[in-house]
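Participant: Predicted model follows, preceded by the sequence.
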Amino acid sequence: MIYTNFISKILLVFLVFFPMLSQAEQDVAVAPQPLVFTQAFQASLNPWQVLQYLQDGNRRFMEGKMLHRDYDSELKTAAKKQYPGAVILSCIDSRTPPELIFDQGIGDMMAIRIAGNIVNNDILGSMEFAAHVIGVKLIAVIGHTRCGAVDKACQDVKLGHATALLEKIQPAVQQAKKDFPAGNCQNQKFVNEIAKKNVLLVMHQIKDSSPIIRKLITEGKIGIVGGIQDIETSKVVFLDDYSLMPARHADIK
Ligand SMILES: [Zn+2]
């Protein structure tokens, strides 16, 4: 009798809370990731789900449990047309390969890499192509700790063509110096803080500079997130600015 009572209570708790959980989590509920993103799979995704795939992939990478991949087979599947879920803007640093750290295969994501993960008109054009033509659902700007480009921008280094590139990181340097007046470029924590501010500024720069991407955000078809990869662990921590993501259904009043 006591046992039956206990079971009834468990059942009651399950019935009361399960609908709440499924409602709150429905936007990020994801099926197992296929080895190659297909047209139907891409069409079924929303920006939050793509973000979840990146987070899951990063966890697999950190745990050494990457998906077993047959690149020859993936190439054959993706050869006719691609249906990737995300475009990643990240640094050229040799320790930050986005496909590896997010455990994504051929045809799954588009990668744009440039020192300091800055944005310019050509990169914006590539993103507009990825978003409007290819149909990606998420733009992720991924900076990293111990970034040489950010470090050199902090020191206001002038170096050939890199001078103009490093100037694009200056707004983040100035913001960090304002927030942390005692900060100096020899302090790695301060440099990492600049990298974080740079990611946040670039995210909003993408939205502010591209009417095409802005329209897709307004329509809920695409979102922009930012993250920082810890070079020591490869863990990507996504930054607490989801203002460029569509509202989750659970948040809509
Ligand atoms: Zn870097």
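Facilitator: That came through fine.
Participant: Quick one: name the residues of this structure near the ion.
Facilitator: C91, D93, C147, A149 (C-beta under 5 Å from the ion). Just so you know, the C-beta spots here come from the backbone N, C-alpha and C atoms, and that holds for glycine as well.
Participant: Low-confidence ranges, this protein, go.
Facilitator: Along the chain, segments meeting pLDDT under 70 span 1-29, 249-253.
Participant: In it, what residue spans correspond to strands?
Facilitator: 86-90, 109-113, 138-144, 223-229, 236-238 (DSSP state E).
Participant: can you put those strands in CSV and add mean neighbour count?
Facilitator: Shown next, in CSV, are the strands of the chain (neighbours: other C-beta atoms under 10 Å):
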stretch, mean neighbour count
strand 86-90, 26
strand 109-113, 19
strand 138-144, 27
strand 223-229, 24
strand 236-238, 19
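Participant: May I see these arranged in CSV, with distance to S73 as well?
Facilitator: Formatted as CSV, those follow (distance: least, C-beta to C-beta, whole Å):
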stretch, distance to S73
strand 86-90, 22
strand 109-113, 18
strand 138-144, 25
strand 223-229, 29
strand 236-238, 27
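Participant: coming back round to it: tell me the two of the residues of the chain next to the ion that are most distant?
Facilitator: D93 and A149 (8.0 Å; C-beta to C-beta).
Participant: Which one of the two is surrounded by more residues?
Facilitator: A149 (25 against 19; other C-beta atoms under 10 Å).
Participant: Which residues lie in contact with that one in this structure?
Facilitator: C91, A115, G116, L165, L166, I169 (C-beta atoms under 8 Å, 6 or more residues apart in numbering).
Participant: and those residues, which two are the farthest apart?
Facilitator: Pairwise over those, using C-beta to C-beta, the maximum falls at C91 and L166, 12.8 Å.
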